[in-house]
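**Student:** Kindly generate the corresponding structure for this input.
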Amino acid sequence: MSRPLPYSMKDVEYDNAKFRHRSISKVITQGFVTSSVRRDCLRCSTGRFLVLLMIVGLACLVLTHRSPTPIHSASDGIGNGRGDDVVKDGTTTSKIRRLWRKPPRLPPRLSPDEKGGNTSSILDPNKLTEMSKWVSRQGKVKDAFVHAWSGYKAYAMGFDELMPVSRSGTDGLGGLGATVVDSLDTAMIMGIDEIVSEAGTWIEKHLLERISKKGQVNLFETTIRVLGGLLSAYHLSRGQQGTVGDSGSLVPFKGPKFDVYLDTAKNLADRLLSGFTSSPTSVPYSDVVLHDSSAHPSPDGLSSTSEVSTLQLEFNYLSTISGDAKYGKEAMKVLEHLKTLPKVEGLVPIYISPHSGEFNGENIRLGSRGDSYYEYLIKVWLQQGKTRDSHLKYLHEMYEEAMKGVRHLLVRKSVPNGLVFVGELPYGSRGSFSPKMDHLVCFLPGTLALGATKGLTRKKAMEDNLLTFEDLENLKLAEDLAKTCFEMYSVTSTGLAPEIAYFHIEGVTEEGLDGGNKSSEYLNDIIIRQADRHNLLRPETVESLFVLHRITEDPKYREWGWQIFEAFEKYTKLDSGGYTSLDDVTVLPPQRRDKMETFFLGETLKYLYLLFGGNNVLPLDKFVFNTEAHPFPINQSYR
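**Tutor:** This next block holds a predicted model:
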């Protein structure tokens, strides 16, 4: 409880009249001027005599007031609590003056709580130190992004990807300058104006021409990286309030006007639509030829389930901002069709035929070719406003059924230390269980947490009684799986995860295939086979750490993310510019693979930057990230 501060002589200098000190003569005079007593007294001689006597008395007081008296600081008087006024000589004059003098009226003093804010927590040295630490670490991630871009710009500008060891570029994604587009919104979020200008200028000058002349591209990869990157850049470049930046808003960037990104996105999407319209079913073909807007299936005639079901966020958003419903309409036909197909407790095989529209085979997994099917079930529903009674509620129902199936059929614990992991069913539910878990599966903790609280913090969701029993189970599983994903890093000699890990379970063991970090508690739980020891700079684990930190507010997820970032810095950074993939994370020094994937700039560094920053930047209840980490606004926030 704050107490009022003592007044001092300086308080009488207020300009505001109601706080100004008034002399005794003025007090008396004003009193008589405004009273009826004055009128009565002046009518008689006695009254006149009293008035004269009063004037003489006032004159004496004025003369006495001018006599020298010592003046002391407020600390000698009221400040020390003794109650003396400014004068302390104990004279009769002082006593008379104290008798007449009134203290000045002061404005009310409010405690910090009454003012509406408690500054004690803000000024807490420990909290200030902690905040400073993460601001510094966020700056290190920003520096890493600049270093990665500098290598790409120097040796591979305009190519899809950088080969940092050989200092050259390669086109493995159709030749659309994928790194440029994938990196653009990361630079916007980080506020790196120079890179935003460089990337935006390249897009304005070259991308439309590339789109009109290039040949075959993969529908899925081009949608999530290039189309998604253009759409996100369109939104962020418009300076939407509450988008990015510590202040919660985004100032306009250098480079082209935002319409350039939208016009380029529409041109690309018009050509990609042939993947949908050329197919005899609602399942699109996997490959599109851009220059003549044609499409065809893959050589084996099949499409990946994850690929055909991971196009909807992008095409829906394009329909919203362009005003043309055709994009979202074609993409949503896929999910509407998948709703009708038979499943195994909500789980689906990883292949589907665009010719028959049916699933092919029985292989069920949440790794490659299966992963983002489950991710987009919940994210498309969230994007459209997450209303349980909407026409898209079937997506939420499919998601909930699938997560029950995951918990029932795919979740196991390792021995001897009980790491929770998600395995595979290569031959369906009637076949044997495989304790194999791709690094790609590490998207799941973040998706589970997002599906549980719908982007709110756990504390807020619980206070508002929004969590069901299923939500709580999913959130617990999310935290358990996040720990496993982190241990896949810490168990290796480099501190970086392999592409694929196996887990020791009862009745299955493989000796001599540990991660190399002999001090790890989980050295004997995780098996890393020779063919699976590479690291491609993947984002899935840090993505889940970012989402879980936002939702649970547990600082350990930041600490885990920092350890992973330090390992990237130590073993994958090249002095000449850029970062490279590794061949074997279990040995030191690791051999370099000569490839910097676009998602390292588009996803991995973006999620690390957001993990170390404030929750007001791209809040999860207002934005949904596509599977390539490009943020789109939710529902009514579109325009």
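**Student:** remind me which residues of the stretch 501-639 of the chain are low pLDDT?
**Tutor:** Under the criterion of pLDDT under 70, the regions of the stretch 501-639 of the chain flagged as low confidence span 636-639.
**Student:** ditto for the stretch 101-250 of the chain
**Tutor:** Within the stretch 101-250 of the chain, the ranges that satisfy pLDDT under 70 run 101-123, 239-250.
**Student:** which residues of it fall in helices?
**Tutor:** Along the stretch 101-250 of the chain, counting by DSSP state H, counting those that start in this stretch, helices occupy 119-122, 125-156, 178-190, 193-202, 208-213, 219-221, 228-237.
**Student:** and Ser576, how far is that from Leu548?
**Tutor:** Between Ser576 and Leu548 the distance, using CB to CB, to the nearest Å, works out to 35 Å. C-beta: built from backbone N, CA, C; applies to glycine.
**Student:** which of those two has more neighbours?
**Tutor:** Counted by other CB atoms under 10 Å, Ser576 and Leu548 do not tie: Leu548 has more neighbours, with 26 against 13.
**Student:** Could you list every helix and strand in contact with the strand or helix carrying the more buried one?
**Tutor:** Using DSSP states H and E, Leu548 maps to helix 540-552. Counting contacts by 3 or more CB pairs under 8 Å, 6 or more residues apart in numbering; DSSP states H and E, helix 540-552 packs against helix 444-453, helix 469-490, helix 556-571, helix 605-611.
**Student:** Next secondary structure element downstream of the shortest one?
**Tutor:** Secondary structure here is assigned by DSSP H and E; on that basis, the next helix or strand after helix 605-611 toward the C-terminus is strand 623-625.
**Student:** what's next to that following strand, contact-wise?
**Tutor:** Residues from elsewhere that reach strand 623-625, judged by CB atoms under 8 Å, 6 or more residues apart in numbering: Leu313, Lys379, Leu382, Gln383, Glu543, Pro631, Phe632, Pro633, Ile634, Ser637.
**Student:** rewinding a little: mind putting the helices and strands packed on helix 540-552 into TSV with distance to Ile203 and mean neighbour count?
**Tutor:** Putting those into TSV (distance: least, CB to CB, whole Å; neighbours: other CB atoms under 10 Å) gives the following:
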stretch	distance to Ile203	mean neighbour count
helix 444-453	29	27
helix 469-490	34	21
helix 556-571	27	18
helix 605-611	18	27
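**Student:** Go through those helices and name the closest to Gly370.
**Tutor:** Distances from Gly370 to each of these were compared using CB to CB; the minimum, 10.9 Å, belongs to helix 444-453.
**Student:** Show me which parts of the next helix or strand after the closest one are buried, residue by residue.
**Tutor:** Taking DSSP H and E as the definition, the helix or strand that follows helix 444-453 towards the C-terminus is helix 458-463. Burial within helix 458-463, assessed by neighbour count using 16 or more other CB atoms under 10 Å, is assigned to Arg458, Ala461.
**Student:** got a pLDDT number for the closest residue to Leu219 other than its chain neighbours?
**Tutor:** For Leu219, ignoring the flanking residues on the chain, the nearest one in space by CB to CB, 6 or more residues apart in numbering is Gly275 at 4.2 Å. We have a pLDDT of 98 for Gly275.
**Student:** now the one 4 residues further on
**Tutor:** On the pLDDT scale, Ser279 is placed at 98.
**Student:** Surely it is in contact with Asp287?
**Tutor:** No - the criterion here is CB atoms under 8 Å, and Ser279 misses it with Asp287 at 11.3 Å.
**Student:** Could you name every residue contacting both of these two?
**Tutor:** In terms of CB under 8 Å, 6+ apart, Ser279 and Asp287 are both contacted by the residues Ala295.
**Student:** that older thread, just checking, what packs against the helix or strand harbouring the residue nearest to Leu219?
**Tutor:** For Gly275, the host element (DSSP H and E) is helix 274-277. Using 3+ CB pairs under 8 Å, 6+ apart as the contact test, the elements touching helix 274-277 are strand 287-289, strand 294-296, helix 326-340.
**Student:** Indicate which one of those is closest to Tyr399.
**Tutor:** Proximity to Tyr399, assessed across those by CB to CB, is greatest for helix 326-340 (11.1 Å).
**Student:** just to revisit the earlier point, any chance of the helices of the stretch 101-250 of the chain in TSV, plus distance to Gly367 and mean neighbour count?
**Tutor:** What follows is the helices of the stretch 101-250 of the chain, written out as TSV (distance: least, CB to CB, whole Å; neighbours: other CB under 10 Å):
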stretch	distance to Gly367	mean neighbour count
helix 119-122	44	9
helix 125-156	26	16
helix 178-190	22	28
helix 193-202	31	20
helix 208-213	31	14
helix 219-221	15	22
helix 228-237	21	27
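**Student:** Same list, those helices, but as CSV with distance to Leu366 please.
**Tutor:** Putting those into CSV (distance: least, CB to CB, whole Å) gives the following:
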stretch, distance to Leu366
helix 119-122, 41
helix 125-156, 28
helix 178-190, 24
helix 193-202, 33
helix 208-213, 33
helix 219-221, 17
helix 228-237, 21
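**Student:** Looking at those helices, which is nearest to Ser293?
**Tutor:** helix 208-213 (10.1 Å).
**Student:** Run a quick neighbour tally on Gln530.
**Tutor:** Under the neighbour criterion other CB under 10 Å, Gln530 is assigned a count of 8.
**Student:** so how far is Phe421 from it?
**Tutor:** Distance, Gln530 to Phe421, by CB to CB: 20 Å.
**Student:** which stretches of the stretch 251-400 of the chain have low pLDDT?
**Tutor:** When residues are selected by pLDDT under 70, those of the stretch 251-400 of the chain lie in 251-253, 387-389.
**Student:** which residues in it form helices?
**Tutor:** Ranges of helices in the stretch 251-400 of the chain, per DSSP H, counting those that start in this stretch, are 258-272, 274-277, 305-308, 312-322, 326-340, 371-383, 393-405.
**Student:** Could you pull up the contacting residues of Lys326?
**Tutor:** With contacts defined as CB under 8 Å, 6+ apart, Lys326 is in contact with Leu273, Ser319.
**Student:** circling back: can you say which of the helices of the stretch 251-400 of the chain is nearest to Arg137?
**Tutor:** Of these, nearest to Arg137 by CB to CB is helix 371-383, at 27.5 Å.
**Student:** Next, the closest residue to Lys386 other than its chain neighbours: phi, psi?
**Tutor:** Among residues not flanking Lys386 along the chain, Lys454 sits closest, at 5.7 Å (CB to CB, 6+ apart). Taking degrees, to the nearest 10, you get phi 60, psi 30 for the backbone angles of Lys454.
**Student:** wait, what's in contact with Lys454?
**Tutor:** Applying CB under 8 Å, 6+ apart to Lys454 gives the contacts Leu382, Lys386, Ala461, Leu466, Asp621.
**Student:** let's see it at 10 Å
**Tutor:** Shown here is Lys454, whose contacts under the criterion CB atoms under 10 Å, 6 or more residues apart in numbering are Ile378, Trp381, Leu382, Lys386, Ala461, Leu466, Leu467, Asp471, Ile551, Leu620, Asp621, Ile634.
**Student:** repeat for Leu268
**Tutor:** By CB under 10 Å, 6+ apart, Leu268 lies in contact with 176, 181, 207-208, 210-212, 217, 222-223, 226-227, 230, 288, 290, 318.
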